[in-house]
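Asks: Structure of the sequence below:
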Amino acid sequence: MSATSRSIKCVVVGDGTVGKTCMLISYTTDSFPQEYVPTVFDNYSAPLTVDGMTVMLGLWDTAGQEDYDRLRPLSYPQTDVFILCFSLVSPVSFDNVTSKWFPELRHHCPDTPILLVGTKLDLRDDQQIIKNLADQGLSPITRSQGNKLAQKLHAIKYMECSALTQENLRQVFDEAVRAVLRPQPTKSKRRCSYVNSSTCIFLC
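Replies: Predicted coordinates for the structure are as follows:
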């Protein structure tokens, strides 16, 4: 089928500064942004062909800062898949996947698939960053740690990428689309149906 067969809404969540916006901009424009700008809702849309099927992939950026905790869930209704991000060089953001982000997503969208993604892959072997973390008694997050967390949370998959070098970047979004087109048979996954009066105002 050559025509676009369906639209997929993908929402990217995670702590501020883990690289969500950079990941989206790098993916959609092939250009890495040089300045960090906190985001509220920056939406992108791009046609994507995965496994022979073309979809219109709607990409929703969200703000991770606590100031937006009440506003952020307004972007969740009708989400087909979440990309839950943490930085491979920020153990705090990794811990917050379990303590904040996963509970928030499951509260609003209990059956929507989640793809767990470690960002800033290019920095994991940076010696200065390794030293800075070691001075705090910390270390970069390993692939094994990411895989174990994904299994614990029943995420559809764990992936790592770099927005700067674009390593594995396109594969992340391909996998997000596959999660919708070919849902895992072990548990029924469906679009987020969380609604309230405020959400209706936001969507209309």
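
Asks: low-scoring pLDDT stretches of the protein, where are they?
Replies: 1-4, 36-42, 185-204 (pLDDT under 70).

Asks: Strands along that one, start to end?
Replies: All strands of the chain, identified by DSSP state E, fall at 6-14, 43-50, 53-61, 81-87, 114-119, 157-160.

Asks: can you tell which of those is closest to residue 69?
Replies: strand 6-14 (11.5 Å; C-beta to C-beta). Using the backbone N, CA and C atoms, a C-beta is placed for each residue, glycine as well.

Asks: That closest one: which residues count as buried?
Replies: Within strand 6-14, the residues that count as buried by 16 or more other C-beta atoms under 10 Å are 8-14.

Asks: do the same with stretch 86-101
Replies: Buried, per 16+ other C-beta under 10 Å, within stretch 86-101: 86-91, 93-94, 96-97, 100-101.

Asks: returning to that earlier point: for residue 170, which of the strands of the chain is the nearest?
Replies: strand 43-50 (8.9 Å).

Asks: Tell me which residues of that closest one come out buried.
Replies: In strand 43-50, counting by 16+ other C-beta under 10 Å, buried: 44, 48, 50.

Asks: tilt between it and strand 53-61?
Replies: For strand 43-50 against strand 53-61, the angle by axes from the mean of the first three to the mean of the last three C-alpha atoms, to 10 degrees is 150 degrees.

Asks: Direction included, what does strand 43-50 pair against?
Replies: Strand pairing for strand 43-50, using DSSP bridges, gives strand 53-61 (antiparallel).

Asks: Please state the offset of the strand it pairs with from the chain centre?
Replies: Relative to its chain's centre, strand 53-61 lies at 13 Å (C-alpha atoms, centre = their mean, to the nearest Å).

Asks: Residue 115 versus the most centrally placed residue in the chain, what's the distance?
Replies: With distances taken as C-alpha atoms, centre = their mean, the chain has residue 83 as the residue nearest its mean C-alpha position (2.3 Å). Residue 83 is 5 Å from residue 115, where distance means C-beta to C-beta, to the nearest Å.

Asks: where do the contact lists of those two overlap?
Replies: 172, 176 (C-beta atoms under 8 Å, 6 or more residues apart in numbering).

Asks: Right, I'll call it a day here.
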